[in-house]
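In: need the 3D shape of this:
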Amino acid sequence: MNDYDTIAAISTPVGTGGISIVRLSGEKAFEITEKVFSRPNGKPFSEAGANTLSYGHIIDTEGSIVDEVLVGKMLAPHTYTTEDTAEINCHGGLFAARSVLALLLKNGARVAEPGEFTKRAFLGGRIDLSQAEAVEDIITSKTELFTKIAAGQIAGALKNAVNAITDKILILLSDLEVTIQYPEYDIEEVTVGRLRDSLEEIRDDIEALGATYRKGEISREGLRTVIAGKPNVGKSMLLNRILDEDKAIVTDIPGTTRDVVDELVNLSGVPVKLMDTAGIRESSETVEAIGIDRSVAAIKKADLVLWTVDVSSPLEQEDIRLRTEISGRPFIAVLNKCDLGINKETLDYFRNDECIVCSAKTGENMEKVTGVIADFAMDSPGDITSAALIVNARHKALIDKAADAIGHAISSLDEGMPEDLIEIDINDCRDYLGEITGETAREDVIDDIFSRFCLGK
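Out: Sure thing, here's the model as predicted:
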């Protein structure tokens, strides 16, 4: 496809609604719009002012009215795509927007590919690749928190952080290049100590940025929180209480839950993927045993485990077995069923662990449970919505590669390797960071990213 074609697409979901928007972008956007748009005063669309809305009708080839519309006119380069753009606001429904789009295509536009409007914004230099990816993030966001984070990334939070590191790399490379290429001139050399200090500063900056991935991933996908325990300790009731709905079946029969039941819940603005699991115990029943195996697998992948215990009863070996299963995983001991009384020995067993005595049945202290989960998810104070965060696996992989490249440069320096070889590693680091912003990203990578966007964006 020609990147300079005039493209058109419906930018709103097709279906019953008040308004649909058909977007047109490219050098012939206004010319094509004028062919199908009639203003009541008889003035051509070409005379409409920039950044204005014009009232009128879309007219088909036979002169019949297709729809009553408002058409926005935005002049390059001050548009989303950096190109001339017209946005036709027509009535919602299955027919109106499609009819308008069909007329635009008949008059010289072509259907936009997925993400092509945003791709043109990137190619036009209005946004970098990380900002473009944040556009898709904000469209697919499931929580208010991640929506705000994505908005911060669109504003350039990650872009600015990466560029700040890249600027340090460029300064270091220019100093190295002078030293390597012009040793005969009386120019201050980059000493080993000075070079190492600069490399370590760059590595620290990269690793600090990479460390934000935990929060970024949680804000995007949710904190994987597994409710684990032996049968009949109230795991399913705990899930239902947190969700405030009857998601899981609750009975007095041990082994009711046979599989992992999961649901995404918003706790104080933090997305939490809450998973109720089969009670962990020895079982010869085939289906229950499979459920227990899946529960153990879920625990191994959990960000947080809610180790649920019946605090009204003495501990059993099936309770204590959980300590082995959750070894190495962060956990909170949820001492449930306090409405039935508190067993002192059971309570004493958890005296050195973070624990909450509660009742999922009555709701007692459940606000403490949800509060601790939310606090664990965002384990440091401060507003993260405007901070630079790594929120997707592509960026994290590139950050890790950049850190490895700088680490290799430091090792090479310590081993006495020549500066021109060290320069190769530094350039590799710069290239990896450039793939995040799009400066050094390959065309196939760029195409793949935009192909995941929805039509009309």
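In: what lies in contact with whichever strand or helix holds N89?
Out: Per DSSP states H and E, N89 falls inside strand 85-93. Where contact means Cβ atoms under 8 Å, 6 or more residues apart in numbering, the residues beyond strand 85-93 that reach it are 11-12, 15-25, 29-30, 33, 37, 45, 53, 58, 67-74, 76, 79, 96-97, 100. Every C-beta, even on glycine, is put in place using the N, C-alpha and C of the backbone.
In: quick one: distance of that strand to the chain centre.
Out: 29 Å (Cα atoms, centre = their mean, to the nearest Å).
In: what lines up beside it in the sheet?
Out: Strand 85-93 has the following sheet partners, assigned by DSSP bridges: strand 15-25 (antiparallel), strand 65-74 (antiparallel).
In: next SSE after the helix or strand of the chain with the lowest mean pLDDT?
Out: Least confident helix or strand, the chain: helix 286-301 with a mean of 67, by mean pLDDT, DSSP states H and E. Once helix 286-301 ends, the next helix or strand along the chain (criterion: DSSP H and E) is strand 304-310.
In: average model confidence for the following helix or strand past that following strand?
Out: Heading C-terminal from strand 304-310, the first helix or strand you meet, by DSSP H and E, is helix 317-325. Across helix 317-325, the average pLDDT comes to 84.
In: could you list the buried residues of helix 317-325?
Out: 319, 322 (16 or more other Cβ atoms under 10 Å).
In: that one vs strand 304-310, what angle?
Out: Interaxial angle, helix 317-325 versus strand 304-310 (axes from the mean of the first three to the mean of the last three Cα atoms, to 10 degrees): 170 degrees.
In: list the contacts of the helix or strand following helix 317-325.
Out: For helix 317-325, the following helix or strand on the C-terminal side (DSSP H and E) is strand 331-336. Residues outside strand 331-336 that contact it (Cβ under 8 Å, 6+ apart): 227, 233-234, 237-238, 304-311, 342, 346-347, 350, 353-360, 369, 372-373, 376.
In: just the buried ones from the residues you listed, in PyMOL syntax?
Out: In PyMOL, a selection of the buried entries from those looks like this (16+ other Cβ under 10 Å):
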select buried, resi 227+233+234+237+238+304+305+306+307+308+309+310+311+346+347+350+355+356+357+358+359+360+369+372+373+376
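In: mind checking which of the contacts of strand 331-336 are in strands?
Out: Within the contacts of strand 331-336, residues falling in strands by DSSP state E are 227, 304-310, 355-357.
In: mark which of the contacts of strand 85-93 are buried, thanks.
Out: 11-12, 20-25, 29-30, 33, 37, 45, 58, 67, 69, 71-74, 76, 79, 96-97, 100.
In: and the strands paired with strand 85-93, which one's lowest on average pLDDT?
Out: Confidence, taken as mean pLDDT, is least for strand 15-25 of the strands paired with strand 85-93 (a mean of 92).
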